[in-house]
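Q: Fold the following.
(2 chains)
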Number of protein chains: 2
Amino acid sequence: MTYCVGLLLNEGMVLLSDTRTNAGLDNISTYRKMFTFETPGERVIAIMTAGSLSVTQTTIARLTEAIEHGDENSSIMHAPSMLRVAEIVGNMLGQVTHEVRGKMQRQETGVSASLILAGQRADGAMRLFLIYPQGNFIEATAETPYLQIGEHKYGKPILDRVIRPETTLADAEKAVLLSMDSTLRSNLSVGMPLDLVVIENDALQISRARRIEAEDPSFQKMSQAWSEALRNAFQTIASV
Amino acid sequence: MTYCVGLLLNEGMVLLSDTRTNAGLDNISTYRKMFTFETPGERVIAIMTAGSLSVTQTTIARLTEAIEHGDENSSIMHAPSMLRVAEIVGNMLGQVTHEVRGKMQRQETGVSASLILAGQRADGAMRLFLIYPQGNFIEATAETPYLQIGEHKYGKPILDRVIRPETTLADAEKAVLLSMDSTLRSNLSVGMPLDLVVIENDALQISRARRIEAEDPSFQKMSQAWSEALRNAFQTIASV
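A: Numbering: from 1, shown residues only, chains lettered A, B, ... in the order given. As a prediction, the model looks like this:
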């Protein structure tokens, strides 16, 4: 399993992914699920992945290959708009999913994967998309300023209560880390380390990228402080 | 969908269920999912249901019929132990599920249901079981003092942080209502009104049973206070 979350805020975009992959409970590995592409000053793109590793790795590898060939129709670094980038990524994901499913169908084993795509081009707006296994996609808006893939339920309540387009980037980083913290506690197949990426509005490059390891003292402290704060908040509520 | 939660605490058992059932998003109804049986001073039993209404209604109806016939092997009000009650309920659920599935199989439509069973007999301990569609079951223990059926994810983090065997009944009622509140916010197929039942240890009867309607002012107040408290707690946490 996986948990990835992306926020589209007035000040910028905040992206967080875990790194655990598993094939059964007895085969657990760490793989990066956050991929960034940038031509500073011209465009910045980040993709987070959830689902079958064979699908997501192949999709990212082919997207990377296509960048080298430099064609407007297939390279996300040459596409004329973020909408076109979403279409290229969606088409690639749909095609790879279809191919891998073809190989799997005699085993009656399903594969699927979904992606979060975030990016901005010069003279364009920041855009955040969720791309489905079939390649179609939806986009974050002011009413729904965040998108999640993977194990999204445990970490949703905090986002619903805190995230608004005007939320500051500092608060947003805190919120996605707390959202991840709730998920890590409840689903063993989501695991440390974490990859956090911040793309400030109009920066047209990755503003901050950080890997947070399991033993990171500030993350551990935040996690404990949140447990404590929740228990205190609980005590302040009057009974019904 | 459904959300039901049961707690097994030193002071007693606390049970909460919603009442929404749906066949598709355009066919929503209210049905009780909390069923209580008692011979005050001798035994008290509560059953909460999740899953296909045709299965859960038939199961409860047959269990109720069997009580009238008064046989130790089939009546939950005459069985000599709570373990035997769990077996009777599990066997009935498994049998009804099997029968209904038989009718459904040509349509390739699945049915399934699960139950939470709580009860105590004179001279016995309080026991809390989760019964699976096949009729097998697990039991709450001091390490895992709560059981959930239905849409369990949104409401789990608060239970994990607050519920211990020594939690007071007042805190426990508050915790299950907040757990339900998080679920109601995030899943439209879980809905008001709610049924709350408390069985105090050795009371051998329903200590409190209460239906909480959508417009209940104290529940609304608690829900708002919790949102406020969560936002305040969020502000107290230092950023990472």
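Q: Next one: the closest residue in space to A:A86 that isn't next to it in sequence relative to A:A113, how far apart?
A: Residue nearest to A:A86 in three dimensions, not counting chain neighbours: A:F129, with 4.6 Å by C-beta to C-beta, 6 or more residues apart in numbering or on different chains. The C-beta positions use only the backbone N, C-alpha and C, and glycine is treated the same way. Distance of A:F129 to A:A113, computed by C-beta to C-beta, to the nearest Å: 14 Å.
Q: Equivalent analysis for A:K33, please.
A: 10 Å.
Q: shared neighbours of these two, anything?
A: Counting by C-beta atoms under 8 Å, 6 or more residues apart in numbering or on different chains, the common neighbours of A:K33 and A:A113 are A:T49, A:A50, A:T56.
Q: from those residues, which ones fall inside helices?
A: Cross-referencing those against helices under DSSP state H gives A:T56.
Q: how deep is A:Q205 tucked in, by neighbour count?
A: A:Q205 has 15 neighbours, counted by other C-beta atoms under 10 Å in any protein chain shown.
Q: What values do phi and psi take at it?
A: Dihedral angles of A:Q205 (phi, psi; degrees, to the nearest 10) stand at phi -160, psi 170.
Q: A:E87 belongs to a helix?
A: Yes: looking at A:E87 with DSSP: H, G, I helix; E, B strand; the rest coil, it is inside a helix.
Q: what pLDDT does it get?
A: A:E87 is assigned a predicted lDDT (pLDDT) of 96.
Q: And the one 4 residues further on, by the same measure?
A: Model confidence at A:N91, given as pLDDT, is 96.
Q: show me what contacts it?
A: A:G135.
Q: Over to the one 5 residues further on?
A: In this structure, A:V96 makes contact with A:V55, A:T58, A:T59, A:R62, judged by C-beta under 8 Å, 6+ apart.
Q: Determine the three-state secondary structure at it.
A: helix.
Q: And it, how far from A:G110?
A: For A:V96, the distance to A:G110 - C-beta to C-beta - is 14 Å.
Q: Also A:V162?
A: 35 Å.
Q: which residues of chain A fall in strands?
A: For chain A, the strands defined by DSSP state E cover A:3-8, A:12-17, A:20-22, A:28-30, A:34-39, A:43-51, A:113-121, A:127-131, A:137-139, A:146-150, A:194-200, A:208-212.
Q: Any chance of the ones you listed in a markdown table with mean neighbour count as columns?
A: Supplementary listing: the strands of chain A in a markdown table, determined by neighbours: other C-beta atoms under 10 Å in any protein chain shown:
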| stretch | mean neighbour count |
| --- | --- |
| strand A:3-8 | 27 |
| strand A:12-17 | 26 |
| strand A:20-22 | 20 |
| strand A:28-30 | 12 |
| strand A:34-39 | 18 |
| strand A:43-51 | 25 |
| strand A:113-121 | 25 |
| strand A:127-131 | 24 |
| strand A:137-139 | 16 |
| strand A:146-150 | 24 |
| strand A:194-200 | 23 |
| strand A:208-212 | 15 |
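Q: Any chance of TSV for those, columns mean pLDDT?
A: Below are those laid out as TSV (pLDDT from 0 to 100):
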stretch	mean pLDDT
strand A:3-8	98
strand A:12-17	98
strand A:20-22	88
strand A:28-30	87
strand A:34-39	97
strand A:43-51	97
strand A:113-121	96
strand A:127-131	97
strand A:137-139	95
strand A:146-150	97
strand A:194-200	98
strand A:208-212	97
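Q: Which one of those strands lies nearest to A:T183?
A: With C-beta to C-beta as the criterion, A:T183 lies closest to strand A:3-8 of the strands of chain A, at 4.6 Å.
Q: still on that earlier bit, of A:V162 and A:G110, who's got more company?
A: Applying other C-beta under 10 Å to A:V162 and A:G110 shows that A:V162 carries more neighbours, namely 20 against 10.
Q: wait, that one sits on B:N232?
A: No: using C-beta atoms under 8 Å, A:V162 makes no contact with B:N232, being 11.2 Å away.
Q: Close to chain B: what parts of chain A are there?
A: Residues of chain A lying near chain B by C-beta under 8 Å from any C-beta of the partner chain: A:153-154, A:156-158, A:160-162, A:170-171, A:173-175, A:177-178, A:182, A:185-186, A:212, A:216, A:218-219, A:221-222, A:225-227, A:229-234, A:236-240.
Q: picking up where we left off before, narrow the contacts of A:V96 to just the buried residues.
A: Listed as buried from these are A:V55, A:T58, A:T59; burial here means 16 or more other C-beta atoms under 10 Å in any protein chain shown.
Q: In a markdown table: those, plus pLDDT and distance to B:M13.
A: Listed next are the buried ones among the contacts of A:V96 as a markdown table, based on pLDDT from 0 to 100; distance: C-beta to C-beta, whole Å:
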| residue | pLDDT | distance to B:M13 |
| --- | --- | --- |
| A:V55 | 94 | 46 |
| A:T58 | 95 | 51 |
| A:T59 | 96 | 50 |
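Q: Closest one of those to B:P80?
A: A:V55 (55.1 Å).
Q: quick one: contacts for that closest one?
A: Contact partners of A:V55, counting by C-beta under 8 Å, 6+ apart, are A:L93, A:V96, A:T97, A:V100, A:V111, A:S112, A:A113, A:P133.
Q: which of those are buried?
A: A:L93, A:V96, A:T97, A:V100, A:V111, A:A113, A:P133.
Q: where's the second one relative to chain B, distance?
A: Computed as C-beta to the nearest C-beta, to the nearest Å, the A:V96 to chain B distance reads 29 Å.
Q: Return the distance of that residue relative to A:F137.
A: 15 Å.
Q: Please apply the same query to A:E215.
A: For A:E215, the distance to A:F137 - C-beta to C-beta - is 37 Å.
Q: quick one: the closest residue to A:R161 other than its chain neighbours from A:R127, how far?
A: What sits nearest to A:R161 in space, not counting adjacent residues and going by C-beta to C-beta, 6+ apart, is B:L230, at 5.4 Å. The spacing between B:L230 and A:R127, counted by C-beta to C-beta, is 30 Å.
Q: Next one: A:S189, what pLDDT does it get?
A: Note on A:S189: pLDDT of 88.
Q: and it, what does it touch?
A: So, once contact is read as C-beta under 8 Å, 6+ apart, A:S189 ends up touching A:M1, A:T2, A:R20, A:N22, A:L25, A:I28, A:E151.
Q: contacting residues around the residue lying closest to the fourth one once chain neighbours are set aside?
A: Counting by C-beta to C-beta, 6+ apart, A:I28 is the residue found nearest to A:N22 once chain neighbours are left out, at 4.6 Å. Shown in contact with A:I28 (C-beta under 8 Å, 6+ apart): A:R20, A:T21, A:N22, A:S189, A:G191.
Q: Settle this for me: the first one is touching A:M1, isn't it.
A: This points to A:R20. Yes: between A:R20 and A:M1 there is a contact under C-beta under 8 Å: 7.4 Å.
Q: who touches both of the two?
A: A:S189, A:V190.
Q: Count the residues that sit near the closest residue to A:D181 other than its chain neighbours.
A: Distances taken as C-beta to C-beta, 6+ apart place A:S223 nearest to A:D181, at 5.0 Å, with adjacent residues excluded. A count of nearby residues for A:S223, using other C-beta under 10 Å, gives 20.
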